[in-house]
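Undergrad: any chance you could fold what I've pasted below:
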Amino acid sequence: MSRPSRRVVLTGLATLALSTTVTPAHAAAPASPAATFTNPVAEQRADPHIFKHTDGYYYFTATVPAYDKIVLRRATTLQGLATAPETTIWTKHASGVMGAHIWAPEIHFIDGKWYVYFAAGSTSDVWAIRMYVLESDAANPLTGTWTEKGQIATPVSSFSLDATTFAVNGVRYLAWAQRNPSEENNTSLFIAKLANPWTIQGTPVEISQPTLSWETVGYKVNEGPSVIQHGGKVFLTYSASATDANYCMGMLTASASADLLNAASWTKGSQPVFQSNAATSQYGPGHNSFTVSEDGKSDILVYHDRSYKDISGDPLNDPNRRTRLQKIYWNADGTPNFGIPVADGVSPVRFSSYNFPDRYIRHWDYRAKIEPNVTNLADSQFRVVTGLAGTGTISLESANYPGYYLRQKNYEVWVEKDDGTAAFRSDASFYQRAGLADSASGLSFESYGSAGRYLRHYNYLLYTQPADTTLAKADATFYAE
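TA: Numbers count the residues shown, from 1 in each chain. Reported below is the predicted structural model:
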């Protein structure tokens, strides 16, 4: 936890007057309310891709451990994909091309038809990995017939995989990973326009190669591209390094109005945007895709990782990469903030202030406060879990310090580790109430151990205090985002 920038703090009567008589403007309910999931969503499913279709269903495909087939699930909710039945829509060839290493399928709906992009090797050379496409015109792709459209031909025939497609300003592109024979690495990232869903138009352009230290651990890899657009920008995430705990996500950024076929239009971040986190026991997060929440108001990160660091033998032979979901938050500068891969179980949320809508509950040197522009996202994320005191209560567990909870101590609110005592359980438990200042959309948290006292900000610090004035009720109301 780093220290905040110094603020000018009003003192004496001026502070009292501000806290008791001035009523700041309050927020409407947030445009992007909380989206929570119970992770993992699917065991032993790597390289996950989820597509939300206009028929109200989410379609989910991923690499299976045997690398021998392509499977699909569908459900009307993202969490519903966890228990949705799975259908095999295509199986590897008994011999020849498309006969081995069936990897990283993606499902897309383009011009009225379904397409699945995937990579495959050959029975005669399992490492002769190339990109292929399936097509179906059925309304339901789980029950339809699939036609092989063949290999996506690239000017250089070399190891290539992880094709994804996206459209910017009405132009459809393909991005993928490929071995460039002129480079001393495994794979770089390429982009090209598409003449049709299975045919590249023009000359592909290389937009990234693995040169940074975190891109070259174990193997020199840029792979698994995926695109999300926001605020006139195109963000292309990708995965780097070996597929063990060193696997991580990087990001390229371009203006949506730029020439995306000009490598100079893309800027690479100097650090990973998503990586292993020992505190939450999540290792090797990557090969992501993007989807949206059921209400369309939140962007969702879809990715795989493992729950342990050490792997015996080749990571490709370890079957335990799992599909996981997390809400994406957007920084003030319009860039995505992925935070950390959160612990298994219910995913965390953020709580914005009712009367200071740009400020979120966060911890800093273990003290709880409200603050804007929290780019260290996990400092402002909390899991709403069953209350440590039971009896219908909830507790708020820190996302980046599992086992640490918001608790009152002499009516100040801190983030501290559960010490197992009855006093701590009482101090860290709350009754979740309808918002005192907005009962329709807001939330308030009444102390379990001090009835009538609520989580409330005062001079931007959190306390448990009575909420017996209009301002106090506003200070004690929050929105889950």
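
Undergrad: with adjacent residues omitted, what lies nearest to Pro341?
TA: Distance criterion Cβ to Cβ, 6 or more residues apart in numbering; nearest residue to Pro341, sequence neighbours excluded, is Gln282 at 3.6 Å. The C-beta positions use only the backbone N, C-alpha and C, and glycine is treated the same way.

Undergrad: an error on my part: the question was meant for Thr187.
TA: Closest residue in space to Thr187, ignoring its immediate chain neighbours: Ala177 at 4.1 Å, by Cβ to Cβ, 6+ apart.

Undergrad: from the chain's centre, how far out does the helix or strand harbouring the one you found sit?
TA: Here Ala177 sits within strand 171-178, counting by DSSP states H and E. Mean-position distance between strand 171-178 and its chain equals 22 Å (Cα atoms, centre = their mean, to the nearest Å).

Undergrad: and what of stretch 117-126?
TA: Taking Cα atoms, centre = their mean, the mean C-alpha location of stretch 117-126 is offset from the chain mean by 29 Å.

Undergrad: so the residue nearest to Thr187 makes contact with Leu189?
TA: Yes: assessed by Cβ atoms under 8 Å, Ala177 is found in contact with Leu189 at 5.9 Å.

Undergrad: which neighbours do the two share?
TA: Asn222, Glu223, Pro225, Tyr238 (Cβ atoms under 8 Å, 6 or more residues apart in numbering).

Undergrad: returning to what we had before: what helices or strands is the next helix or strand after the strand holding Ala177 leaning on?
TA: Where DSSP H and E defines the elements, the next helix or strand beyond strand 171-178 is strand 188-196. Here strand 188-196 touches strand 171-178, strand 199-208, strand 222-230, going by 3 or more Cβ pairs under 8 Å, 6 or more residues apart in numbering; DSSP states H and E.

Undergrad: circling back: what sits against the residue nearest to Pro341?
TA: Taking Cβ under 8 Å, 6+ apart, we find Gln282 in contact with Ser276, Asp305, Arg306, Ser307, Ile340, Pro341, Val342, Ala343.

Undergrad: hmm, 10 Å instead?
TA: Going by Cβ atoms under 10 Å, 6 or more residues apart in numbering, Gln282 touches 39-40, 245, 274-276, 303, 305-309, 322, 324, 340-344.

Undergrad: any idea which of the helices and strands packed on strand 188-196 gets closest to Asp295?
TA: Minimum separation from Asp295 across those (Cβ to Cβ) falls at strand 222-230, 17.1 Å.

Undergrad: next secondary structure element downstream of that closest one?
TA: Sequence-wise, the next helix or strand downstream of strand 222-230 (DSSP H and E) is strand 233-240.

Undergrad: next, the angle from that following strand to strand 199-208.
TA: Following axes from the mean of the first three to the mean of the last three Cα atoms, to 10 degrees, one obtains 80 degrees for the angle between strand 233-240 and strand 199-208.

Undergrad: can you tell me the strand partners of strand 233-240 and which way each runs?
TA: strand 222-230 (antiparallel), strand 248-255 (antiparallel) (DSSP bridges).

Undergrad: now that strand - C-alpha only, PDB.
TA: Only the C-alpha atoms of strand 233-240 are listed here, as PDB (Å, rounded to 0.1, in the frame of the first residue of the first chain):
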ATOM      1  CA  LYS A 233      -9.300   3.700 -28.500                       C
ATOM      2  CA  VAL A 234      -8.500   0.100 -29.600                       C
ATOM      3  CA  PHE A 235      -6.900  -2.000 -26.900                       C
ATOM      4  CA  LEU A 236      -5.300  -5.200 -28.000                       C
ATOM      5  CA  THR A 237      -4.300  -7.500 -25.100                       C
ATOM      6  CA  TYR A 238      -2.000 -10.400 -25.600                       C
ATOM      7  CA  SER A 239      -0.200 -13.100 -23.600                       C
ATOM      8  CA  ALA A 240       3.500 -13.500 -23.100                       C
END
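
Undergrad: start at 750, not 1
TA: With the count now opening at 750, the last piece we talked about shows up as strand 982-989.

Undergrad: for it, the distance to its chain's centre please.
TA: Relative to its chain's centre, strand 982-989 lies at 13 Å (Cα atoms, centre = their mean).

Undergrad: equivalent analysis for stretch 826-840, please.
TA: 20 Å.

Undergrad: so for it, what's the average pLDDT?
TA: Stretch 826-840 shows a mean pLDDT of 98 in the predicted model.

Undergrad: helices along this structure, start to end?
TA: Assigned by DSSP state H, the helices in the chain fall at 761-770, 1171-1176, 1219-1224.

Undergrad: can you tell me which of those helices the model trusts least?
TA: Lowest mean pLDDT within the helices of the chain: helix 761-770, a mean of 34.

Undergrad: contacting residues for Gly1139?
TA: With contact set as Cβ under 10 Å, 6+ apart, Gly1139 has these partners: Arg1174, Ser1178, Tyr1197.

Undergrad: any low-confidence regions in the protein?
TA: 750-777 (pLDDT under 70).

Undergrad: residue closest to the middle of it?
TA: In the chain, the centroid-proximal residue (Cα atoms, centre = their mean) is Leu1050; its distance is 2.9 Å.

Undergrad: since that was my last question, I'll sign off now.
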